[in-house]
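Engineer: coords please:
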Amino acid sequence: MDNHPLPKRFVGKGPCFARYSEIPGNLTHYLYVVARQNSQANSPEGFISVRILIADDRKPMRGALKTFVALNPEWTVCGETGNANEAIAKAQELHPDLIILDYKMPDSNGLVAADGILRTLPDIPIVMFTLFKTHELEHAAYLMGIRCVVGKEEGVSSLLSAIESELGRSAPQLKSGRS
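Structural biologist: As a prediction, this is how the structure comes out:
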């Protein structure tokens with residue numbers, strides 16, 4: 001038990017041992033690396049994974065999302081960003097297969113970022129993951145071209161379902177877009 005990667009105050013507390021923000025940064029990286037190694041070991045040879053861009057202003061949330069994405073052997077994080085303008089630039093640079101986009105960011109908001117992204121890359125599915133989910137935001141997001149808005153209070157399982165749904169809708173484009 002002494003070689004456990006968690007600080008002693010977390011050991012033996014069960015799967016929900018602490019809020020994510022209380023987990024030390026090096027542990028977040030450790031969990032991500034372990035998840036990536038395990039998922040890569042289980043992926044078929046020559047398999048091309050789905051590339052996901054994460055845009056959220058909170059670094060701990062980006063770290064948590066990276067860890068959850070890494071748990072799926074078919075997904076990989078191709079980039080991350082903490083603001084709307086950088087999200088637009090990274091999307092144009094990286095051409096991800098899907099974007100997880102927060103609504104509230106320091107320089108602008110997710111709707112502005114989505115507009116900038118979808119003007120140049122109209123087929124990229126975007127899942128908005130936000131603390132500020134309302135019917136009005138869902139309607140505005142839908143008008144912008146975002147089909148899934150998930151409240152952070154709904155949890156990761158709702159986010160993962162939304163990601164799978166969006167990837168299922170864009171599956172023909174993913175296959176034809178890859179060589």
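Engineer: Tell me which stretches of this protein form helices.
Structural biologist: Applying DSSP state H to the chain gives helices spanning 25-41, 59-70, 84-94, 110-120, 135-144, 156-169, 171-177.
Engineer: Can you lay out the ones you listed as CSV showing mean neighbour count, distance to Arg51 and mean pLDDT?
Structural biologist: Bear in mind the C-beta positions are built from the backbone N, C-alpha and C, glycine included. Below are the helices of the chain laid out as CSV (neighbours: other Cβ atoms under 10 Å; distance: least, Cβ to Cβ, whole Å; pLDDT from 0 to 100):
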stretch, mean neighbour count, distance to Arg51, mean pLDDT
helix 25-41, 14, 14, 50
helix 59-70, 20, 10, 94
helix 84-94, 19, 7, 97
helix 110-120, 20, 14, 96
helix 135-144, 14, 22, 96
helix 156-169, 16, 11, 93
helix 171-177, 11, 10, 55
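Engineer: Quick one: closest of these to Val150.
Structural biologist: Closest approach to Val150 among those (Cβ to Cβ): helix 156-169, 5.0 Å.
Engineer: quick one: the closest one to helix 59-70, angle?
Structural biologist: With axes from the mean of the first three to the mean of the last three Cα atoms, to 10 degrees defining the directions, helix 156-169 sits at 60 degrees from helix 59-70.
Engineer: how about the helices of the chain in TSV, adding distance to Met128?
Structural biologist: Below are these laid out as TSV (distance: least, Cβ to Cβ, whole Å):
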stretch	distance to Met128
helix 25-41	23
helix 59-70	13
helix 84-94	12
helix 110-120	6
helix 135-144	5
helix 156-169	9
helix 171-177	20
